[in-house]
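In: This is the structure alone, sequence omitted:
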């Protein structure tokens, strides 16, 4: 499977619930997927609102022929900072998750080690106005190897389905 084929398969799987953008995305990303949700709980009528919660997720897709630790670190910083720039904490903000998906034909061992150790988290007003988690996932298309940080393990099933 080529990098472009893997990207198209991933975008197709995200298309159902996310807004996909492949034009005018933040540099150096190839595509972006955005998900927003608003949840309300009320008592008898909608005027008697008990709680509200907003959750957001920004997924950035990066492609490369071969990638090393320095390039992964740059993509990592760019995705985290771009995602944080879109956060608007307020009393009903629950979470804004940021995901970076890297698709490459070859991933060096130092890049794989960096990906496995990547960890980022931010809370807003001691979590009273929500938090942000970060997932970093990479797929080496030549071998089908899936590499991720701790938070990215939940995406393993998605990648398994794509590599079929």
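Out: Received it, and whenever you're ready, just let me know what you need. These numbers come from a predicted model, not from an experiment. Numbers count the residues shown, from 1 in each chain.
In: From the centroid of this structure, which residue is nearest?
Out: By C-alpha atoms, centre = their mean, the chain has its centre lying nearest to residue 99, at 1.4 Å.
In: for the record, mean pLDDT for the lengthiest helix in the chain?
Out: Ranked by residue count, the top helix of the chain under DSSP state H comes out as helix 69-85. Mean pLDDT, helix 69-85: 96.
In: can you pull the buried residues of it?
Out: In terms of neighbour count (16 or more other C-beta atoms under 10 Å), helix 69-85 has its buried residues at 69, 71, 72, 75, 76, 78, 79, 80, 82, 83. All C-beta spots, glycine's among them, are computed from the backbone N, C-alpha and C.
In: surely residue 19 meets residue 33?
Out: Yes - with contact defined as C-beta atoms under 8 Å, residue 19 reaches residue 33; the gap is 7.0 Å.
In: Mind listing residues that contact the longest helix of the chain?
Out: 26-29, 58, 60, 62, 64, 96, 98-100, 102, 108, 110-111, 113-115, 118, 120, 122, 132, 134, 136, 138 (C-beta atoms under 8 Å, 6 or more residues apart in numbering).
In: on that earlier part again, any idea how far the residue nearest to the centre of the chain is from residue 76?
Out: The gap separating residue 99 from residue 76 is 12 Å, by C-beta to C-beta, to the nearest Å.
In: Give me the common contacts of those two.
Out: Common neighbours of residue 99 and residue 76 (criterion: C-beta under 8 Å, 6+ apart): residue 136.
In: Tally up the residues packed near residue 89, please.
Out: Residue 89 has 17 neighbours, counted by other C-beta atoms under 10 Å.
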